[in-house]
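Asks: sharing a model that was predicted from the sequence below.
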Amino acid sequence: MSHQVLARKWRPKNFDSLVGQENTVQALTNALDQERLHHAYLFTGTRGVGKTTLARILAKSLNCEKNGISSKPCGVCSSCIAVDKGNFVDLIEVDAASNTKVDEMRELLENSQYAPTSGRFKIYIIDEVHMLSNSAFNAMLKTLEEPPEHIKFILATTDPKKVPVTVLSRCLQFSLKQMTIEKISNHLEMILTEENIKFEKKALGLISKSAKGSMRDALSILDQAIAYAGNEVSEQKISEMLGVANNNFLTEILLKLSEKKGAELIELGCGMNEKNIALDSTLEDLASLIHKISVYQVAPINSHEYQNDDEIKKLSKLYTPETLQLLYQIVINGKKDIYLAPDLLTGFNTTLLRMLAFFPSFQSNKLESNLNKKTTVATDEVNVEKKNFQTSEIIDQADKKEFDGNWDELVKKLKLGIANSLAQECEFKSYNNFVFELTLDSKKSHLMQNNYVQKLEESLINHFNKKIKVKILVDEVQSTPAIKTSEEKSKLLKETESAMMKDRFVKDLMENFDAQVVPTSIEPINNKGK
């Protein structure tokens with residue numbers, strides 16, 4: 001007996017067995033039971049969410065011989081069986097991707113005028129309808145608006161934006177949602193139980209996540225997993241097959257980070273790469289873990305799913321909430337930028353290094369703040385208090401750079417990149433409680449861009465190794481690095497021009513050959529350049 005793939009074997013045969021589309025099912029169920037039927041339906045949604053399956057169930061509901069028009073087709077009459085087998089003569093399925101021409105659409109519509117052969121309705125399912133040409137769409141408009149009584153159109157597409165508005169307005173539209181990880185996992189559990197195959201729930205979670213909301217993809221991956229793992233679908237085997245990092249790797253990353261072991265972090269990344277672990281998806285998993293830790297910190301009592309997770313509890317004590325939020329943002333941006341890196345390993349390791357670079361300043365500031373509240377405690381008690389923080393060594397090792405009040409010199413030292421123009425045009429006002437207050441000339445207000453300000457803050461944080469904020473007021477300025485640079489350049493230009501005019505050779509040229517000095521051509525030089 002030939003093997004049948006799970007996606008076909010377990011394809012839903014009725015509305016009750018359809019997973020994850022409750023809203024659409026309820027609307028269609030009520031319409032069928034009340035016989036409030038529309039002549040054209042449009043199902044939209046990403047791949048594998050049940051568009052074609054839903055269309056076939058609807059076709060059975062309309063043509064069931066035993067139960068008539070209802071939301072519960074019998075599944076045993078000749079019409080229902082024929083639809084399930086794909087040979088029902090009055091169900092015409094068209095792939096719009098391979099039938100895009102207007103002539104093909106006209107031929108299809110000409111045949112639609114004839115009454116059904118055996119069914120109650122002649123049903124046209126047009127898949128990926130957005131692939132039709134404009135001429136083909138125009139050809140079907142009239143029939144789609146006023147079809148014969150025996151005709152029902154069911155259109156399906158993954159890209160409804162490409163379907164003309166004139167077509168959309170003639171259809172009853174249903175947007176099918178992506179499947180949640182939980183619903184996919186529960187469905188896979190049911191299937192494996194019925195198939196009498198052993199499994200681990202965490203393995204099903206990995207498969208469900210990799211499916212990215214598509215039940216069909218989940219079943220295809222499950223088929224592959226059964227072939228790869230044999231008699232038992234285990235977490236280890238699925239991790240190997242999919243190339244995903246298990247929780248041990250993710251926990252190890254956060255532990256090494258909390259201990260500021262940069263070299264070991266890089267070794268860990270390289271080791272994961274050698275094991276063919278997908279580094280881009282690892283960043284997604286790492287962001288998810290950081291989120292779980294943050295949730296547990298905020299509401300440990302309400303976080304029932306983490307109550308028995310010792311790793312979550314352990315990691316929650318190593319990081320402050322502020323640090324976790326920063327790390328989450330770094331990981332998310334790292335996932336976005338990893339494909340711009342020379343290779344995935346470089347992008348992954350750079351993200352780890354960025355987390356390490358920002359970790360000490362945020363973490364130590366929080367610890368220092370907590371320790372300052374203990375100033376009235378005896379020295380030995382303070383020492384005990386410090387030991388309660390597993391990263392307290394950061395305080396002693398942190399860079400002790402302080403701002404000396406010279407904004408111009410500070411700007412020269414910062415690695416500003418795109419924010420350099422903003423910093424050059426800002427006038428320093430004050431620096432208190434790790435907040436730089438600056439003034440930007442109103443004529444330069446176009447430089448007040450979020451990414452410029454954010455880059456300036458990041459540069460200051462890196463320089464001082466502290467959590468620093470920047471506040472900028474748009475107003476008149478008197479002295480900025482740009483103004484000082486311009487004044488210095490102007491002064492040097494005048495000095496250079498004066499020196500030229502005093503030069504004997506230049507004087508001879510002017511007196512004997514009627515030469516002239518063009519001021520705009522003079523390049524200012526410094527003492528080193530003479």
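Replies: Sure thing, it's come through. Numbering: from 1, shown residues only.
Asks: C-alpha from now on. contacts and neighbour counts both.
Replies: Fine.
Asks: so where's the stretch 51-200 of the chain shaky on pLDDT?
Replies: Scanning the stretch 51-200 of the chain for pLDDT under 70 picks out the ranges 99-100.
Asks: how about 80 then?
Replies: 97-101, 104, 108 (pLDDT under 80).
Asks: can you give me the strands in it?
Replies: 91-95, 122-127, 151-157, 172-175, 198-199 (DSSP state E, counting those that start in this stretch).
Asks: do the same with the stretch 201-350 of the chain
Replies: 232-233.
Asks: on that earlier part again, would you turn the strands of the stretch 51-200 of the chain into a markdown table with distance to K72 and mean neighbour count?
Replies: Converted to a markdown table, these look like this (distance: least, C-alpha to C-alpha, whole Å; neighbours: other C-alpha atoms under 10 Å):
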| stretch | distance to K72 | mean neighbour count |
| --- | --- | --- |
| strand 91-95 | 18 | 18 |
| strand 122-127 | 18 | 24 |
| strand 151-157 | 18 | 24 |
| strand 172-175 | 20 | 17 |
| strand 198-199 | 33 | 17 |
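Asks: how about residues contacting stretch 51-71?
Replies: Contacts with stretch 51-71, where a contact means C-alpha atoms under 8 Å, 6 or more residues apart in numbering, come from 11-15, 28-30, 32-33, 35, 43-45, 72-75, 77-80, 83-84, 91, 119-121, 123, 125, 127, 154, 156, 176.
Asks: does D337 really touch L344, like I thought?
Replies: No: using C-alpha atoms under 8 Å, D337 makes no contact with L344, being 9.8 Å away.
Asks: neighbour-wise, which of these two wins?
Replies: L344 (18 against 15; other C-alpha atoms under 10 Å).
Asks: just the buried members of the contacts of stretch 51-71?
Replies: 12-15, 28-29, 32, 43-45, 72-75, 78-80, 83-84, 91, 119-121, 123, 125, 127, 154, 156, 176 (16 or more other C-alpha atoms under 10 Å).
Asks: how many other residues sit next to K471?
Replies: Applying other C-alpha under 10 Å, we find 11 residues neighbouring K471.
Asks: measure it to K412 for me?
Replies: For K471, the distance to K412 equals 20 Å [C-alpha to C-alpha, to the nearest Å].
Asks: which of the strands of the stretch 51-200 of the chain sits closest to L265?
Replies: Smallest distance to L265 across the strands of the stretch 51-200 of the chain (C-alpha to C-alpha): 32.5 Å, for strand 198-199.
Asks: spatially nearest residue to L473, not counting backbone neighbours?
Replies: What sits nearest to L473 in space, not counting adjacent residues and going by C-alpha to C-alpha, 6 or more residues apart in numbering, is T439, at 4.8 Å.
Asks: who are the contact partners of that neighbour?
Replies: By C-alpha under 8 Å, 6+ apart, T439 lies in contact with 426-429, 472-477.
Asks: ok, of those, which come out buried?
Replies: By neighbour count, with 16+ other C-alpha under 10 Å, the contacts of T439 hold 426-428, 472-473, 477 as buried.
Asks: where are the low-confidence patches of the protein?
Replies: 1-3, 97-101, 104, 108, 230-231, 243-247, 299-310, 359-401, 492-530.
Asks: please repeat the previous calculation with a cut-off of 50.
Replies: Along the chain, the parts satisfying pLDDT under 50 run over 1, 367-368, 370-371, 373-390, 392-399, 527-530.
Asks: okay, now the domains of it?
Replies: 6-175, 181-242, 247-370, 407-477, 483-529 (automatic domain parsing).
Asks: what's the span of the fourth one, first residue to last?
Replies: Terminal residues of domain 407-477 are spaced 14 Å apart (C-alpha to C-alpha).
Asks: picking that back up, quick check, nearest of the contacts of T439 to M272?
Replies: When the contacts of T439 are ranked by distance to M272 (C-alpha to C-alpha), I472 comes first, at 43.4 Å.
Asks: tell me the strands beside the helix or strand that closest one falls within, with direction?
Replies: Using DSSP states H and E, I472 maps to strand 469-475. Strand pairing for strand 469-475, determined by DSSP bridges: strand 435-441 (parallel).
Asks: what comes up buried for the strand it pairs with?
Replies: Neighbour counts over strand 435-441 (16+ other C-alpha under 10 Å) mark 436-441 as buried.
Asks: before we move on, what about stretch 230-239?
Replies: The neighbour-count check on stretch 230-239 (16+ other C-alpha under 10 Å) flags 232-235, 237-239 as buried.
Asks: burial of Q113, as a residue count?
Replies: Using other C-alpha under 10 Å, Q113 has 15 other residues around it.
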